[in-house]
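Engineer: Below: sequence and its predicted model.
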Amino acid sequence: MSSSAPSGASPRPVRVLLVEDDELMRRSFTVALERYGYEVDAAADGLAGLELFRDGSFDLLILDVMLPGLDGIGLCRRVRETSLVPVLMMSARGDGLDVVAGLEAGADDYVVKPVDTYVLVARIRSLLRRAAYAPAPGPEHAADGGPPPEGEVLVFGELSIDTGGMEVFISGSPVALTPTELKLLLEFAAHPGIVLERHTLLRNVWDYGWDGDSRVVDLCVQRLRRKLGRERIETVRGFGYKLRR
């Protein structure tokens, strides 16, 4: 059977790996996501999820924090050793240390259980938009400057950003960024030297239409600093962050 789709065929469905140990939740999430057109592979523990991840090609991962065998934090770290695939963490404690640990491990976003299906799908769609993000000028960016024009190479000292190839370099060496990290960096690069408040970054990068958890921003900035150098993104206390010119 040929692997190529016939002319005019619909694009392949988005493949999601769901790792959730609660059987009822796992089945419920699977059925709900399939109704939205996603193709879902599910696992009940971290080690089984890691095996599925290594055997398949997924567009997005949804990982529960509390998993038997290998927890969601450890699984996220293992995934990040080889892949930049978007990762959404699910936590039963919205203000717990597990949220921070998941984001530090490389997750892009998180939701708190119990979570309504429409909220889960909204976060999935936001992550997938980031993964396919290609900056281009448009009216929606006219007021705030928006992302840089497609194809432009932006240079900030040893840091260079190819906005056409979606590649980042430090002193000519490529730097691997997750889609969220890349979009956050592009948001800073569109406003060099300008302080961006956390709620602005939540809206423009994470697509939050309401006040979200600013820890998501803080921890993603920390990850960017580890990869690009701490001096490149400056904290302006009480306000937010800015990319040094």
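Structural biologist: Alright, I've got the coordinates. Residues are numbered from 1 along each chain as shown.

Engineer: Which element, helix or strand, includes residue 54?
Structural biologist: Here residue 54, judged by DSSP states H and E, is contained in helix 46-55.

Engineer: Which strands or helices does that helix pack on?
Structural biologist: Using 3 or more C-beta pairs under 8 Å, 6 or more residues apart in numbering; DSSP states H and E, the elements in contact with helix 46-55 are strand 15-19, strand 39-43, helix 72-80. (C-beta placed from N, C-alpha, C; glycine too.)

Engineer: Select, out of the ones you listed, the one closest to residue 240.
Structural biologist: Each of the helices and strands packed on helix 46-55 has some distance to residue 240 by C-beta to C-beta; the shortest is helix 72-80, at 25.8 Å.

Engineer: circling back: same list (the helices and strands packed on helix 46-55) but as a markdown table, adding mean neighbour count and mean pLDDT.
Structural biologist: Listed next are those as a markdown table, based on neighbours: other C-beta atoms under 10 Å; pLDDT from 0 to 100:
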| stretch | mean neighbour count | mean pLDDT |
| --- | --- | --- |
| strand 15-19 | 23 | 97 |
| strand 39-43 | 18 | 97 |
| helix 72-80 | 22 | 96 |
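
Engineer: Of these, give the one that comes closest to residue 27.
Structural biologist: Using C-beta to C-beta, the nearest of the helices and strands packed on helix 46-55 to residue 27 is strand 39-43, at 8.1 Å.

Engineer: which residues sit against that closest one?
Structural biologist: Contacts to strand 39-43, defined as C-beta atoms under 8 Å, 6 or more residues apart in numbering, come from residues 13-20, 26, 29-30, 33-34, 49, 51-52, 56, 58.

Engineer: That strand pairs with which strands?
Structural biologist: According to DSSP bridges, strand 39-43 forms sheet pairs with strand 15-19 (parallel).

Engineer: Report the distance from the partner strand to the chain centre.
Structural biologist: 15 Å (C-alpha atoms, centre = their mean, to the nearest Å).

Engineer: Put the alpha carbons of that strand into PDB.
Structural biologist: As requested, the backbone C-alpha atoms of strand 15-19 are provided in PDB (Å, rounded to 0.1, in the frame of the first residue of the first chain):
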ATOM      1  CA  ARG A  15      -1.800  12.200  16.100                       C
ATOM      2  CA  VAL A  16      -2.000  12.600  19.900                       C
ATOM      3  CA  LEU A  17      -0.300  10.500  22.500                       C
ATOM      4  CA  LEU A  18      -2.300  10.500  25.800                       C
ATOM      5  CA  VAL A  19      -0.700   9.000  28.900                       C
END
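
Engineer: do you know how far residue 233 is from residue 171?
Structural biologist: 17 Å (C-beta to C-beta, to the nearest Å).

Engineer: ok, these two, which is more surrounded?
Structural biologist: A count of neighbours by other C-beta atoms under 10 Å puts residue 233 above the other of residue 233 and residue 171, at 18 against 8.

Engineer: what's across from the more buried one in the sheet?
Structural biologist: Assigned bridge partners for residue 233, using DSSP bridges, are residue 243.

Engineer: Enumerate every residue touching it.
Structural biologist: 188, 221, 224, 225, 241, 242, 243, 244.

Engineer: Could I get the buried residue list for the worst-scoring helix or strand of the chain on mean pLDDT?
Structural biologist: In the chain, no helix or strand scores lower on mean pLDDT, DSSP states H and E than helix 97-104, which sits at a mean of 85. Residues 98, 99, 101, 102, 103, 104 are the ones in helix 97-104 that count as buried (16 or more other C-beta atoms under 10 Å).
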